[in-house]
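> Next one to model:
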Amino acid sequence: MRGSPEERAAVRASFKKMPPAKKIDYILTYYRLPIFTAVVAIAVLISSLISQLTKKEPVLYIGFANVVVGETMQQTLTEDFLSAENIDLKKNEIIAYYDLYVSDNPPAEDHQYAYASKLKILGAINAEQMDLFLMNKEAWDQISASGFLLDLDELLKTDPALYQKLSEYLGTNTVILDDNSVEVSLGVEDTYESETEESANALDVSSFPVFRDAGFGGDIYLGAVANTKHAEQIVSYIRYITAAK
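Residues are numbered from 1 along each chain as shown. Below you'll find the model as predicted:
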């Protein structure tokens, strides 16, 4: 409030004599902006506090590539795992990327969908927010060729009993180390050439009880992402799905 002390005293005296409705109208007229600013600041603060208090810690990130799972299966593969591991569901979660579509040669009507899925996968992997893929054979071939998958042979050997149990389900696939696909696409070279290696980078989980009668219509594979920061949790997850029903 500006003015001399006498003027400010006169305004306060006048304000005290106003009826309640007039006081409210006076406050809203002369202090609308500070009140609005304060309300916005309080709302932002409350929202931030609620977000921090309710924020969950990701335990694993799972991508479902070319496989569709219903609500019951979703719960089995996410929340039920946390419960089985005695992990608090109120503070932790599994983040799932559903309905990813991976194809080397998608039909014209699905080309944009495949491209969007590819960008999502690349972004998640680069951000270290992808740990596992549940996928069909076509998706496994493409994801393996891109070098995104971890060799499970060494990972599973950290649990000798689990490795002995699952070694027969390990599948090998091709990893492209180097190729001239860019030169071929630009017409610089005519013949495609590549340097590859084989890697045991997925488990054939099709016969596991949780997947066996789910009606996928083909083999299903589980692979771990090469740059995962959750190797220990992945081993626990693999141990879980071998027994889940």
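> Which positions in the helix or strand where Leu162 lies come out as buried?
Take DSSP states H and E as the rule and Leu162 turns out to sit in helix 160-166. Residues of helix 160-166 classed as buried by neighbour count (16 or more other C-beta atoms under 10 Å): Leu162, Tyr163, Leu166. For every residue, glycine as well, the C-beta is placed using N, CA and C.
> Kindly reformat those as CSV containing pLDDT.
Shown next, in CSV, are the buried residues of helix 160-166 (pLDDT from 0 to 100):
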residue, pLDDT
Leu162, 93
Tyr163, 94
Leu166, 94
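> possible to save those as CSV with distance to Ser207?
Formatted as CSV, the buried residues of helix 160-166 follow (distance: C-beta to C-beta, whole Å):
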residue, distance to Ser207
Leu162, 16
Tyr163, 18
Leu166, 11
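> Out of the residues you listed, the closest to Thr174 would be?
Closest approach between the buried residues of helix 160-166 and Thr174, by C-beta to C-beta: Leu166, at 21.2 Å.
> mind listing what the closest one touches?
Leu156, Leu203, Ile238, Thr242 (C-beta atoms under 8 Å, 6 or more residues apart in numbering).
> which residues touch the first one?
In this case it means Leu156. Counting by C-beta under 8 Å, 6+ apart, Leu156 has contacts Leu162, Tyr163, Leu166, Ser167, Leu170, Val235, Ile238.
> same check, this time on the second one
Each residue near Leu203 by C-beta under 8 Å, 6+ apart is listed here: Leu152, Leu166, Tyr169, Leu170, Gly171, Tyr221, Leu222, Gly223, Ile238.
> In strands, which of those residues fall?
Residues of the contacts of Leu203 located in strands (DSSP state E): Leu170, Gly171, Tyr221, Leu222, Gly223.
> Which residue ranges of this structure form helices?
Assigned by DSSP state H, the chain shows helices spanning 5-17, 20-30, 32-54, 71-77, 79-84, 111-126, 137-145, 152-156, 160-166, 181-185, 209-212, 231-243.
> for the first one, what is the average pLDDT?
Confidence for helix 5-17, expressed as mean pLDDT, is 63.
> before we move on, what about the last one?
The predicted model gives helix 231-243 an average pLDDT of 94.
> Where does pLDDT dip in the protein?
Along the chain, segments meeting pLDDT under 70 span 1-18, 21-36, 38-54, 184.
> one more time with 90
Within the chain, the ranges that satisfy pLDDT under 90 run 1-56, 69-70, 89-90, 104-111, 154, 176-196, 210-218, 243-245.
> neighbours of Glu232, just the number please.
12 (other C-beta atoms under 10 Å).
> what's the distance between it and Asp131?
For Glu232, the distance to Asp131 (C-beta to C-beta, to the nearest Å) stands at 11 Å.
> do the same with Asp213
Counting by C-beta to C-beta - Asp213 and Asp131 are separated by 26 Å.
> Before I go, just wanted to say thanks for your time.
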